[in-house]
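Undergrad: I would like to see how this sequence folds:
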Amino acid sequence: MSKVKPIPKFSDYEEEANFWDTHDTTDYFDMSKAVRAEFPNLKLSPKTKEDLADIKAVKKLSKGPRGKGIRLEDVVLNNI
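TA: Numbers count the residues shown, from 1 in each chain. Down below sits the predicted model:
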């Protein structure tokens, strides 16, 4: 791997977001030194629980049309 580039300092969130939208993170992080992080005391926020419920709903909805030539978008639009 080539030398890892230093991450610049950003003046605000928008500047940082624009930077990462146009740059490859692999140029700035050495993934060979990555470690697995565990957060045993992390609690899901109510918003996170809603997002997970949405994912479960999409998976449930997608089981029916799978293999029948029906798009998931059509199933969702017909059930709204």
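
Undergrad: relative to residue 51, how far out is residue 45?
TA: Using Cβ to Cβ, to the nearest Å, we find residue 45 at a distance of 9 Å from residue 51. (Each C-beta comes from the backbone N, C-alpha and C, glycine too.)

Undergrad: the more surrounded of these two?
TA: More crowded of residue 45 and residue 51, by other Cβ atoms under 10 Å: residue 51, with 12 against 9.

Undergrad: ok, that one to residue 44 distance?
TA: Distance from residue 51 to residue 44, by Cβ to Cβ: 9 Å.

Undergrad: residue 17 now?
TA: Distance check for residue 17 against residue 44: by Cβ to Cβ, it reads 25 Å.

Undergrad: also residue 29?
TA: Residue 29 is 27 Å from residue 44, by Cβ to Cβ.

Undergrad: in terms of helices and strands, where is the residue positioned nearest the centre of the chain?
TA: Against the mean C-alpha coordinate of the chain, by Cα atoms, centre = their mean, the closest residue is residue 51 at 11.6 Å. Secondary structure from DSSP states H and E places residue 51 in helix 46-63.

Undergrad: whatever helix or strand comes next after that helix - contacts with which helices or strands?
TA: The helix or strand immediately downstream of helix 46-63 is helix 72-78, counting by DSSP H and E. Secondary-structure packing of helix 72-78 (3 or more Cβ pairs under 8 Å, 6 or more residues apart in numbering; DSSP states H and E): helix 46-63.

Undergrad: just the mean pLDDT for the helix it packs on, thanks.
TA: For helix 46-63, the mean pLDDT works out to 69.
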